[in-house]
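Colleague: how would this look folded up:
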Amino acid sequence: MMNIILKDKALKWGAGMLAAGMLLGGGLLPAGTSQAAPAAAAAKAGQSQVILKWNGSITKQTGIFNGGKVWVPVAFLRDSLGMPVSYNKADMTYTIGKGNTLTKLMVSDYGISISVNNYFLGDYEAKNINNRMYVPLDLLTGYLGYHGDWSPPTGRLNVMKQKQNNITITTESYVKESKDAPIRLDYPVISGLANAEAQKAINDTLKQTVLNYAADAEKQIADRAADDRPYEFEGGYVVTYNQNGVLSLITQQYGYTGGAHGMTYRNAFTFSLKDGKRLLLGDLFGANPNYKKELNAKLSKQLKADGGYLGGFTGLNTEKYFYLQDGKVTLFFQLYEYTAYAAGFPEFTFTFKELLPDGSSPFAGLK
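Modeller: Prediction:
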């Protein structure tokens, strides 16, 4: 389920939510609670148990391998990783972590959706397995700053903190309260860089993106008719890569102004922390003189193979819409750009090795 569709559905929570007692009893088990019964139930269901380690030491919690994925219990995040966890009974929401990894699990008729810094992760969902709340390992490694060393033969997962750039990322908010048209836009602020000019350039770029969206939202609110449905504007961000002197993140703004659904706009920024420059694909993969030709060929093939293609793709018209994760780059297109709305944001991921077959690093020219 894609981000925009998930957000629209998340706004329509109903009476069929999972029972709070079940979620609280299973999602946040007291430390030391026996795992024997769930493990037995998992085995009967064709699942396999995962031994969870934190920095090489075996923990009391266990994960589950199911559906080709490793699932980690919320209790592990709380008890082993030290992430604060709270539960809001009124809106059936778990809040996990803090700062720029503030994560929420929202229970609804449509499943258990996940957001980080108010950024909805449409391809990620939490699960209630055997009356325990679990999140996919990819959430930790892709967005929360952890590395997972998973060994399928032994059924062991060792979780460690990623070695990240020595910077601090905090969340600022642009807020305008209104009963019929609230605006809340969260965005990151970087501090701790030795180069003050680079830090200012990065922060100015991110803040201006939010201010531009806010100005457009306020114009739409000013033109709103008195009998229109309530409007809503909100935005968030997620950090996807913070290593090797490079910072990569995604921002997203959602607006509802009536109709069947809202509209979401996504942007992405990859910065060199050395000088504050916003990096393009060519800055990272230009060592391969054919990188753009190869990307265009692969994108054209994959766009046409996926459902909802509307036509019109003749090649990349910008090199800005991408973000980095460990060892890979993901390119995306906007809603309606080349695909039907129901397809969401089409994403296409390539490894660094695919685009740099000589084995060179995409960061070699940034040192």
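Colleague: For the stretch 101-250 of the chain, just list every one of the helices.
Modeller: Listed from the start of the chain, the stretch 101-250 of the chain has helices (DSSP state H, counting those that start in this stretch) covering 137-143, 196-222.
Colleague: possible to save the ones you listed as CSV with mean neighbour count, mean pLDDT and distance to Asn165?
Modeller: All C-beta atoms are positioned from the backbone trio N, CA, C, and that covers glycine. Shown next, in CSV, are the helices of the stretch 101-250 of the chain (neighbours: other Cβ atoms under 10 Å; pLDDT from 0 to 100; distance: least, Cβ to Cβ, whole Å):
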stretch, mean neighbour count, mean pLDDT, distance to Asn165
helix 137-143, 21, 95, 16
helix 196-222, 15, 96, 12
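Colleague: okay, these in TSV with distance to Asn158 next?
Modeller: Putting the helices of the stretch 101-250 of the chain into TSV (distance: least, Cβ to Cβ, whole Å) gives the following:
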stretch	distance to Asn158
helix 137-143	11
helix 196-222	33
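Colleague: For Glu337, which of those helices is the nearest?
Modeller: Closest to Glu337 of these, according to Cβ to Cβ: helix 196-222, at 17.9 Å.
Colleague: Can you give me the domain assignment for the protein?
Modeller: Annotated domains of the chain cover 3-161, 168-366 [automatic domain parsing].
Colleague: Pick out the shakiest of those, pLDDT-wise.
Modeller: Mean pLDDT is lowest for domain 3-161 among the domains of the chain, at a mean of 79.
Colleague: Now do it: distance to the chain's middle.
Modeller: Chain-centre distance of domain 3-161: 15 Å, with Cα atoms, centre = their mean, to the nearest Å.
Colleague: likewise stretch 311-323?
Modeller: In this view, stretch 311-323 has its centroid 21 Å away from the chain centroid, taken as Cα atoms, centre = their mean.
Colleague: Give me the buried stretch members for it, please.
Modeller: Neighbour counts over stretch 311-323 (16 or more other Cβ atoms under 10 Å) mark Phe313, Leu316, Glu319, Tyr321, Phe322, Tyr323 as buried.
Colleague: show me the contacts for the fourth one.
Modeller: When you say that, I think you mean Tyr321. For Tyr321, the contact set (Cβ atoms under 8 Å, 6 or more residues apart in numbering) comprises Arg266, Asn267, Ala268, Leu331, Phe332, Phe333, Gln334.
Colleague: Now it. Its backbone dihedrals?
Modeller: Backbone geometry at Tyr321, expressed as degrees, to the nearest 10, gives phi -90, psi 80.
Colleague: Same check on Leu193?
Modeller: Torsion angles, degrees, to the nearest 10, at Leu193: phi -80, psi 140.
Colleague: Please report the distance of it from Thr318.
Modeller: From Leu193 over to Thr318 the distance is 26 Å, taken as Cβ to Cβ, to the nearest Å.
Colleague: again, but for Ser80
Modeller: In terms of Cβ to Cβ, Ser80 sits 42 Å off from Thr318.
Colleague: swap in Asp283?
Modeller: 14 Å.
Colleague: and what of Ser115?
Modeller: According to Cβ to Cβ, Ser115 and Thr318 sit 26 Å apart.
Colleague: What of Leu279?
Modeller: Distance from Leu279 to Thr318, counting by Cβ to Cβ: 13 Å.
Colleague: Which of the helices of the stretch 101-250 of the chain sits closest to Pro362?
Modeller: The closest of those to Pro362 is helix 137-143. By Cβ to Cβ, the value is 17.9 Å.
Colleague: Return the residues in contact with the closest residue in space to Glu234 that isn't next to it in sequence.
Modeller: Excluding its sequence neighbours, the residue lying closest to Glu234 (Cβ to Cβ, 6 or more residues apart in numbering) is Arg184, at 4.9 Å. Arg184 makes contact with Asn118, Ser173, Tyr174, Val175, Phe233, Glu234, Gly235 under the criterion Cβ under 8 Å, 6+ apart.
Colleague: Distance-wise, check the nearest residue to the second one once chain neighbours are set aside relative to Thr101.
Modeller: Spelled out, that is Ser173. In this structure, Ser173 finds its nearest non-sequential neighbour in Asp186, 5.1 Å apart by Cβ to Cβ, 6+ apart. To Thr101, Asp186 is 13 Å away according to Cβ to Cβ.
Colleague: Pull up the overlap in contacts between the two.
Modeller: Counting by Cβ under 8 Å, 6+ apart, the contacts common to Asp186 and Thr101 are Asn117.
Colleague: which of those two has more neighbours?
Modeller: Ranked by neighbour count (other Cβ atoms under 10 Å), Asp186 and Thr101 place Asp186 first, with 22 against 19.
Colleague: what residue is smack in the middle of the protein?
Modeller: What sits nearest the mean C-alpha location of the chain, by Cα atoms, centre = their mean, is Leu121, with 4.7 Å.
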